[in-house]
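**Student:** Just a sequence and a predicted model for now, questions to come.
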Amino acid sequence: TSNYNIFYAPNYQYPIQSGSYGASTLAQWQAYGGQDSSSVNFDPMFDTDSTLVPEVLYVDNLGTPISGITTDFHGTTRSATTPDMGAVEFTVEGTALSGSYTIGSGGDYDSLYKVLDDLEILGFSGSLILNILPGTYNQKVTLGTIYGGSADNTVTLQSSTGNAADVILQSSRTSSDNYILKIDGTDYLTIKNITFDASTSSSYGTAIELAGETNSLRIEGNVFNGYNYSSTTSNHYLFEANQSTGTNILINNNTFTEGSYGLYMYQGTDNGNLQITNNSFAGQYYSILIEQIDSVRVHGNDIKADHNGYGISLSNCRPVIVTGNKVTENTTNNASRGINIYDCDGSSSERTLIANNMVKVYSQALYLQYTGYTDVFYNTFLSNSETIREYYNYSSFNNFKNNIVVNESSGRVVYNVGSYNSDYDYNMYYGG
């Protein structure tokens, strides 16, 4: 058996192995073997000497009593009920944070660094609100694993006024740490009403990096300003999540301006419940690019694509729901594809849905490739080249109904290449 353990191995691909099976996260291991249901993934933050004494409040007193061993390495009496793990009994001073705190000149904490240091060491109890006072802060910040979070006990980092223009976060970025804020395994976190200004460097322009598995994350009401970059370099993703994204992530009501990509998210967990809703994007090559994350919902976004790029691009996500989005061109004749769907199959019981979208771009308004069991309902698609393309024989069992499909030039209205069992009924086609 294996239980009541603390795991932390961020630099290994498969830190937990049993026979030939390797788990890259604790959640994968729990699901695979039924072990460690009460274990946690957490950085104990050892002290700097060789004794390996943890400095985090949460790990104090987490051992189990063992008869016959009553003292530690130094001869200090161990607790009879809650001894510490390791050779040395230890005590971490302080109490968990709780309630509301102000950050900035004249506040409870004068910098983000100090409050986040306390939070990482002491954790929090009950819901915690961190109000940043108005000002411009040049601070590169990392949020790691914080103990105390749950659906009822959350951490909110926000502008104290509720106005994103009042709190501006900046940083000096390099190739090795290209971010203003890094979120690394911080569950139950909300980032709200803050301006992230990454527009000052032509070399590195990422605002938020989501690193490691982070669950129950909300990014709401923020402003992301990037450098006006016309290509696809990864140095200018405004919001980037490139590994083990996590579950229950909501990105809502934010504004993304410039940068190479507005939002790039890659490799999540099954049934990730990722929602990208009611955001505004302008001036990127990819406004939204999501890859290998299942159960994705993209709804109500206003997108002005640019640089001959794509508005919404979803790849290897099963299934997806794309509804109520408006995709146009930020610069005339400078958006190649409006909605690009690649290998995002639904199933007979849970179909992919593309509905109620308004799309006007130069090339393909909808490009559906290697994607089956998809419903395309009640959309308005307009282009100057080839308005809809359904491509290759893996695109099957798709339904196109109640759409308006317009080509303003001499290109195809619909181009179906090798797909089968697709139905096109009750649509309006207009060409020329």
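**Tutor:** Looks like it arrived, so ask away. Values in this document were obtained by computation on a predicted structure and should not be read as measured data.
**Student:** show me where the stretch 51-200 of the chain has helices.
**Tutor:** With DSSP state H, counting those that start in this stretch as the criterion, the stretch 51-200 of the chain has helices at 112-122.
**Student:** Now tell me what touches the helix or strand of the chain with the lowest mean pLDDT from outside.
**Tutor:** Within the chain, no helix or strand scores below strand 16-18, which has a mean of 80 by mean pLDDT, DSSP states H and E. With contacts defined as CB atoms under 8 Å, 6 or more residues apart in numbering, strand 16-18 is touched by 7, 22-23, 26, 28-29, 32-33. Quick note: C-beta positions are derived from backbone N, CA and C, even for glycine.
**Student:** Considering those residues, which is situated nearest to His236?
**Tutor:** Ranked by distance to His236 (CB to CB), the contacts of strand 16-18 are led by Gln28 at 31.8 Å.
**Student:** how near is the closest one to Ser18?
**Tutor:** As judged by CB to CB, to the nearest Å, Gln28 and Ser18 stand 11 Å apart.
**Student:** Same question for Ser172.
**Tutor:** 44 Å.
**Student:** Can I get the helix or strand Tyr430 falls within in CSV? Just the C-alpha atoms.
**Tutor:** For Tyr430, the host element (DSSP states H and E) is strand 428-431. Extracted in CSV, the C-alpha atoms of strand 428-431 (Å, rounded to 0.1, in the frame of the first residue of the first chain):
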residue,chain,number,x,y,z
MET,A,428,-28.1,29.3,-47.6
TYR,A,429,-25.3,29.5,-50.2
TYR,A,430,-24.3,32.8,-51.9
GLY,A,431,-21.4,33.1,-54.3
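**Student:** Show me what that strand is packed up against.
**Tutor:** On a contact count with 3 or more CB pairs under 8 Å, 6 or more residues apart in numbering; DSSP states H and E, strand 428-431 meets strand 404-407.
**Student:** quick revisit: what's the strand holding Tyr430 in contact with?
**Tutor:** Residues outside strand 428-431 that contact it (CB under 8 Å, 6+ apart): 403-407, 410, 413-414.
**Student:** and if we set it to 6 Å?
**Tutor:** Here strand 428-431 makes contact (CB atoms under 6 Å, 6 or more residues apart in numbering) with 404-407, 413.
**Student:** Name every strand pairing with that strand and say which way it goes.
**Tutor:** Using DSSP bridges, strand 428-431 pairs in its sheet with strand 404-407 (parallel).
**Student:** which parts of the strand it pairs with are buried?
**Tutor:** With burial defined by 16 or more other CB atoms under 10 Å, the residues of strand 404-407 counted as buried are 405-407.
**Student:** So Trp29, which state does it fall into?
**Tutor:** helix (DSSP: H, G, I helix; E, B strand; the rest coil).
**Student:** where does the closest residue to it other than its chain neighbours land on pLDDT?
**Tutor:** Leaving aside its chain neighbours, Trp29 sits nearest to Ala23 (3.7 Å; criterion: CB to CB, 6 or more residues apart in numbering). As predicted, Ala23 sits at a pLDDT of 82.
**Student:** Against Glu213, how distant is Ala23?
**Tutor:** Distance from Ala23 to Glu213, counting by CB to CB: 12 Å.
**Student:** if we can go back for a sec, tell me which of Gln28 and Ser18 has more neighbours.
**Tutor:** Between Gln28 and Ser18, counted using other CB atoms under 10 Å, Gln28 has the larger neighbour count: 17 against 12.
**Student:** quick one: low-confidence parts of the stretch 301-432 of the chain?
**Tutor:** For the stretch 301-432 of the chain, the stretches flagged by pLDDT under 70 are 392-394, 432.
**Student:** Next, the residue nearest to Trp29: phi, psi?
**Tutor:** With angles defined as degrees, to the nearest 10, Ala23 sits at phi -110, psi 130.
**Student:** Beta-bridge partners for it, please?
**Tutor:** Beta bridges link Ala23 to Ile16, judged by DSSP bridges.
**Student:** Is it correct that it is in contact with Gln30?
**Tutor:** No - using CB atoms under 6 Å, Ala23 is not in contact with Gln30; the gap is 8.5 Å.
**Student:** Pick out whichever of these two has more residues nearby.
**Tutor:** For Ala23 and Gln30, the more surrounded residue by other CB under 10 Å is Ala23, and the numbers stand at 20 against 17.
**Student:** If we ignore the residues flanking it in sequence, what's nearest Thr77?
**Tutor:** Excluding the flanking residues, the one nearest Thr77 by CB to CB, 6+ apart is Thr71, at 5.7 Å.
**Student:** So the one you found versus Val296, what's the distance?
**Tutor:** Applying CB to CB, the value for Thr71 to Val296 is 55 Å.
**Student:** Would you mind telling me which of these two has more residues around it?
**Tutor:** Between Thr71 and Val296, counted using other CB under 10 Å, Val296 has the larger neighbour count: 24 against 10.
**Student:** OK, contacts around the more buried one?
**Tutor:** By CB under 6 Å, 6+ apart, the neighbours of Val296 are 274, 290, 317, 320.
**Student:** Was I right to think the last one contacts Arg351?
**Tutor:** So that's Val320. No - using CB under 6 Å, Val320 is not in contact with Arg351; the gap is 10.0 Å.
**Student:** okay, the two: which has more neighbours?
**Tutor:** Val320 (25 against 17).
**Student:** show me the contacts for the more buried one.
**Tutor:** Val320 makes contact with 296, 314, 344, 352 under the criterion CB under 6 Å, 6+ apart.
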